[in-house]
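# what's the 3D shape of this:
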Amino acid sequence: QVQLVESGGGLVQPGGSLRLSCAASGSIFSINAAGWYRQAPGKQRELVARITSGGSTNYADSVKGRFTISRDNAKNTVYLQMNSLKPEDTAVYYCNADIRRWAWNPRESGYWGQGTQVTVSS
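As a prediction, the model looks like this:
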């Protein structure tokens, strides 16, 4: 079994900061690409940021310069530092990762966390 558990969400005022964490646990050999997505009420889930195993990153235009994705491979954890938050950043944030479970099997599967709510409001 593999689990992704997000944490760090909450209520913050506009202009504030939050740091989200996504910890992977279970039978894991390696994590390839990982990313953060978000879904606001009535909207489709959208990519926020993604990071490869080598550390290359890409971001949605709406968060460039404000959000930073990073990873700690030793801890199987991915982070999203969110600064200068805006009300339009309000959403449930989901972690996603492409995980290889076994050394003897190169197959990767995608996994999702349960989501963490981020609310930006005064």
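# Kindly state the beta-bridge partners for the residue nearest to the spatial centre of the chain.
The centre of the chain sits closest to Trp36, judged by Cα atoms, centre = their mean, with a distance of 2.9 Å. In this entry, Trp36 is beta-bridged to Ala49, Cys95, by DSSP bridges.
# For it, give me its contacts.
20, 22, 47-50, 69, 78, 80, 93-96 (Cβ atoms under 8 Å, 6 or more residues apart in numbering). All C-beta spots, glycine's among them, are computed from the backbone N, C-alpha and C.
# Quick check: it vs Val48, distance?
Distance of Trp36 to Val48, computed by Cβ to Cβ, to the nearest Å: 4 Å.
# shared neighbours of these two, which are they?
With Cβ under 8 Å, 6+ apart, Trp36 and Val48 have common neighbours Leu80, Tyr93.
# Which strand residues bridge Arg71?
For Arg71, the beta-bridge partners are Val78 (DSSP bridges).
# Test my guess that it contacts Gly55.
Yes - counting by Cβ atoms under 8 Å, Arg71 touches Gly55, with 7.5 Å between them.
# Those two: which has the busier surroundings?
With neighbours defined as other Cβ atoms under 10 Å, Arg71 and Gly55 compare such that Arg71 has more, 20 against 10.
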